[in-house]
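>>> below are the sequence and a predicted model for it; my questions follow.
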Amino acid sequence: MSSLSRELVFLILQFLDEEKFKETVHKLEQESGFFFNMKYFEDEVQNGNWDDVEKYLSGFTKVDDNRYSMKIFFEIRKQKYLEALDKHDRSKGVEILVKDLKVFASFNEELFKEITQLLTLENFRENEQLSKYGDTKSARAIMLVELKKLIEANPLFRDKLQFPNLKNSRLRTLINQSLNWQHQLCKNPRPNPDIKTLFVDHSCGQPNGARAPSPANNPLLGPLPKAGGFPPLGAHGPFQPQPGPVPTPLAGWMSNPPQVAHPSISGSAIGLGGPSFPGTQFETDYYDLKSAAALKHPRNPSMNPSLDFPTGDSDHMSKRARPMGINEEVNLPINILPSPFQGHGGHTQAFNAPDDLPKTVARTLNQGSSPMSMDFHPIQQTLLLVGTNVGDIGLWEVGSRDKLVLRNFKVWDLSACSMPMQAALVKDPCVSVNRVIWSPDGSLFGVAYSRHIIQIYSYHGGDDVRQHLEIDAHVGGVNDIAFSHPNKQLCVITCGDDKTIKVWDAATGTRQHTFEGHDAPVYSVCPHYKENIQFIFSTALDGKIKAWLYDNMGSRVDYEAPGRWCTTMAYSADGTRLFSCGTSKDGESHIVEWNESEGAVKRTYLGFRKRSLGVVQFDTTKNRFLAAGDDFAIKYWDMDNTQLLMSVDADGGLPASPRIRFNKDGALLAVSSNENGIKILANSDGLRLLRTFENLSYDAASRTPEAPKPAINNAISASATNAGLTERVGSAGSISGANGDTKNLMDVKPRITEESSDKSKIWKLTELSESSQCRSLKLPENMRVTKISRLIYTNSGSALLALASNAIHLLWKWQRSERNSSGKATAGISPQLWQPSSGILMTNDVADMNPEESVSCFALSKNDSYVMSASGGKISLFNMMTFKTMTTFMAPPPAATFLAFHPQDNNIIAIGMDDSTIQIYNVRVDEVKSKLKGHSKKITGLAFSHVLNVLVSSGADSQICVWSSDGWEKQKAKYLQLPPGRTTAAQSDTRLQFHHDQIHFLVVHETQLAIYETSKLECVKQWVPSESSAPISHAAFSCDSQLIYACFLDATVCVFTASHLSLRCRINPSVYLSPSVLSNLKVHPSVIAAHPQEPNQFALGLSDGVVHVFEPLESEGKWGVPPPAENGSTSNVAATSPAQGSGSEQGQR
């Protein structure tokens, strides 16, 4: 159906509604599938008209269309079922179970069984997950909140939730206009004609009573002139026959955008529990009793169906079908109503738009010449590449304000250049940079110059930038450059003044394609792919937009860009929406959104200066915002609103049309300023990110490298095999916990801003010796437990899970209350030592050995519903709600000593063994995929980096190894640098945890704390206690990686500033241990855990089985004050004991 025919349906809907044909309106809505009336849907749900609800939904989606659709139908049918049980109508309940709910059994038989078991209960509220179910009205209201979010996130409802903004009685108006036009065509028009029918064209009768033939049907009449300003109908009328499809492979692909996860949809999937926190995301395709479902049909069942784990690929979950398994969501109890969901026609993010945009000037840099193009590194998100008007290339670490690289323009091999280029350089040696851009994995960057050539550099970290390729690409200027991955091979795409687009092999520089067809210089290129079809958009200075496949078959489309001059194009981050920004020769600027399937402008954004003083540049971020530099300011738009959202002048000093560029997360925005400057604007997350990197040492980069990196061909090959890297990797604002799970920094509370140290004052270490100096809480004890071996907060931050040395798990839960409205863990309120009503404990298999002598390990699923654990025997999988053992596997020997989930696929687990091997185990097929050998003693630590695609391991042999998580090859290995004169126990543990930048990691050993850079496996920071000090027992990053919490065998706890490993606060044992316990020299902290959202909260597990939670006083807000930077520890520092002394003890170089 053509777009105009679709619009006619909307006009009919408006007419029917105005004429009060209520049932017919909703019938047409359903049958056409063009408009989903949320108000009608809400009313039907509130009234419990379940048959009408499902019938209406059927016009838009079916139960098995996608994950969202399945959950919508499940929630409705579950509610219908519970209402029948609440009325004690068991026959109706059985009918619903068999007819409506059984369809979900094929996705999770266990869930269906548990739903069936509700029939056996006198009151289904006896089920723990439904214990807080209220009355019918409130339950429906809570479900509606969830349903609205699911509908708004469902791609099948995209563009169907907003009725067009029409004037009243629009259809009548159009008919009247048509009748007026017909009347003007009358040969003898009468005043005030009496029109009695719409079935035939109107014509006034002739004076003698004869009727004139209709002009439109009179073959004898010649062409009629335009009358009254109305255009004639005919071949270009509004309801003309729809043209046939374009006879090329591009005919259909643009109209089918890939279905990607909605950025703010609730994490709750189908289950008995209630809706989840509004801000959480779908992370998997899975469901269980408490939360959710494989919303695609599963593959053939595996040998071990109870052991299915989700992937962590939350951002692009629908790009590959996955089997069902453990879901990764956290649910609220069903009677807790989440925050109201804002709107149902546009974006559903819960944040306040202006607060989420970078508008605070956080850094001001001076490049030395005027910036023409900028691009942030795709992984190291504070690394900014700059190209200038004199051909200079700059590389900045904006966090520390360091200019790492400055390269002046130079032709690397003039003899290899064409004669036209050599002549052009002789005539005018001035060269400007037109564009700089990083490759998707950040291993290369390209520079397009105003004269003929491009240069490709390889980047090896720090200030290590090397020449890779120089290509004489175009005759005249090279106007744009981009990277792409056709056929999984990294390519460089260029365009230029010679009216061509060219594609080059990024490894060899070989030209692969030349696209000709533009009639003017090509100004920009925009490569993209949809449904595995790779293509390139190009724009030319005559305003033409064309699209090309990699087949040399010519352009597939021919659009006209608004402004018809300098136009650039960009997709939203999720690849579903296409925008362009252009400026005409007269200075008129336009940002528009395109309807790709029709080549038509869908939306035009307002707010530009009448005459822009220069070519406007723009960028997109967060799948929600657009930004452009215009009128000496940065202007922001919401993608779904054509009105200007806000304008920021960045404290003044901007040129008329500043260059702009977001980093990948949209937390930072680089803006060119006057006098060769660059301003870095940040939102709250960006400010936190800059503070984190501010003091990060680049000492390692400035030293002579140990050895050159592998040849660039290897880097190119790696990047080719990781074509989707930039889609898979987490942001620099994601945190990797000790169990391999990742959390989003958006969920982390901002730290109180550190006051700058007054260097004229003497800094003093904050030392706590009394319980009144901080908030500490001793958790309820279990008398059967003797030592806490492992400790972790749940990902929701509302509970603590411990594994004791006797193989028993303990779970403490904080409840919502007036004093604790968030329900999060706190030192101010005592939690409940929780057990299910069955009274069972989660207890590991211990085989035939003494569990006290075995190594304990566990890993927690991202939705806090499952824990995988071992204590010397088989590995057990427990349901955290029921404490039931779901399965056991991998009987010793060898025994598991460490567990970590793969960050992209939780069906894959890395299992460290006591025989020094690491087994890569696929739980779905119950098969060991790889066995990694490189250590000589038991494995004591494992950590994945989802940014670098590596696994880092540590062992009791004090060795650290880096393994590729693609092919599992060992990349590097290095022994821990033990301090001079120190010896270590034969089986001393070495633990690992990644910094949230996913590039550096913390190493914890009894002799030291150290920060390593992963790619070079180089120690960039080290803190060593004095020889007389007690050994370190454990340490962990705070959730924002700004602090390190460390505990010692003498029961002291120390807090370090992570950026330079300087001690800032010491908590003495007397703060939390009673005098009687203090006299027992054997009691000490064995493990420490940091809260996932509260940077200043941590918990200690002790050797006597007790757990304590710590927070600073509310009046303080943080742990101590950081020392002046020059006094802090730096790279390779040996520091004095934290357990000894006074405030004078600081690191010594």
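That came in fine, so what should we check first?

>>> use CA for all of it now, contacts and neighbours both
Will do.

>>> what about the helices in the stretch 501-650 of the chain?
Listed in chain order, the stretch 501-650 of the chain contains no helices at all (DSSP state H, counting those that start in this stretch).

>>> brain fart, the stretch 1-150 of the chain
Under DSSP H, counting those that start in this stretch, the stretch 1-150 of the chain gives helices at 3-18, 22-32, 38-46, 50-57, 67-86, 90-96, 109-117, 136-153.

>>> quickly compare those helices and say which is most buried.
A comparison of the helices of the stretch 1-150 of the chain by mean neighbour count, using mean count of other CA atoms under 10 Å, puts helix 67-86 on top with a mean of 22.

>>> so what's the gap between that one and the chain middle?
29 Å (CA atoms, centre = their mean, to the nearest Å).

>>> show me what that helix is packed up against.
helix 50-57, helix 90-96, helix 136-153 (3 or more CA pairs under 8 Å, 6 or more residues apart in numbering; DSSP states H and E).

>>> hmm, back to that, if you average pLDDT over each of the helices of the stretch 1-150 of the chain, which is lowest?
The weakest mean pLDDT among these belongs to helix 109-117, with a mean of 83.

>>> keeping just the C-alphas, turn that one into PDB.
C-alpha atoms of helix 109-117 as PDB (Å, rounded to 0.1, in the frame of the first residue of the first chain):
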ATOM      1  CA  GLU A 109       8.500 -26.500  30.400                       C
ATOM      2  CA  GLU A 110       9.600 -25.900  33.900                       C
ATOM      3  CA  LEU A 111       7.800 -22.600  34.000                       C
ATOM      4  CA  PHE A 112       4.600 -24.200  32.700                       C
ATOM      5  CA  LYS A 113       4.800 -26.800  35.400                       C
ATOM      6  CA  GLU A 114       5.200 -24.200  38.100                       C
ATOM      7  CA  ILE A 115       2.200 -22.300  36.700                       C
ATOM      8  CA  THR A 116       0.200 -25.500  36.700                       C
ATOM      9  CA  GLN A 117       1.100 -26.100  40.300                       C
END
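
>>> can you get me the start-to-end distance on stretch 630-639?
18 Å (CA to CA, to the nearest Å).

>>> go through the helices of the stretch 1-150 of the chain and name the closest to residue 860.
Taking CA to CA, helix 109-117 is the member of these nearest to residue 860, at 20.9 Å.

>>> next, the angle from the closest one to helix 67-86.
20 degrees (axes from the mean of the first three to the mean of the last three CA atoms, to 10 degrees).

>>> which helices and strands sit right next to helix 109-117?
Counting by 3+ CA pairs under 8 Å, 6+ apart, helix 109-117 packs on no helix or strand.

>>> what do you get if the cut-off is 10 Å, keeping everything else the same?
With contacts taken as 3 or more CA pairs under 10 Å, 6 or more residues apart in numbering; DSSP states H and E, helix 109-117 sits against helix 67-86.

>>> extract the CA atoms of the helix it packs on and return them as PDB.
Output of helix 67-86 as PDB, limited to C-alpha atoms (Å, rounded to 0.1, in the frame of the first residue of the first chain):
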ATOM      1  CA  ARG A  67      10.400 -11.500  22.300                       C
ATOM      2  CA  TYR A  68       8.300  -8.400  23.000                       C
ATOM      3  CA  SER A  69       5.100  -9.900  21.500                       C
ATOM      4  CA  MET A  70       5.500 -13.100  23.400                       C
ATOM      5  CA  LYS A  71       5.800 -11.300  26.700                       C
ATOM      6  CA  ILE A  72       2.800  -9.100  25.900                       C
ATOM      7  CA  PHE A  73       0.600 -12.200  25.300                       C
ATOM      8  CA  PHE A  74       2.100 -14.000  28.300                       C
ATOM      9  CA  GLU A  75       1.400 -11.200  30.700                       C
ATOM     10  CA  ILE A  76      -2.200 -10.900  29.500                       C
ATOM     11  CA  ARG A  77      -2.900 -14.600  29.700                       C
ATOM     12  CA  LYS A  78      -1.100 -14.900  33.100                       C
ATOM     13  CA  GLN A  79      -3.200 -12.200  34.500                       C
ATOM     14  CA  LYS A  80      -6.400 -13.800  33.200                       C
ATOM     15  CA  TYR A  81      -5.300 -17.100  34.700                       C
ATOM     16  CA  LEU A  82      -4.500 -15.500  38.100                       C
ATOM     17  CA  GLU A  83      -7.900 -13.700  38.200                       C
ATOM     18  CA  ALA A  84      -9.700 -17.000  37.600                       C
ATOM     19  CA  LEU A  85      -7.800 -18.600  40.400                       C
ATOM     20  CA  ASP A  86      -8.500 -15.600  42.600                       C
END
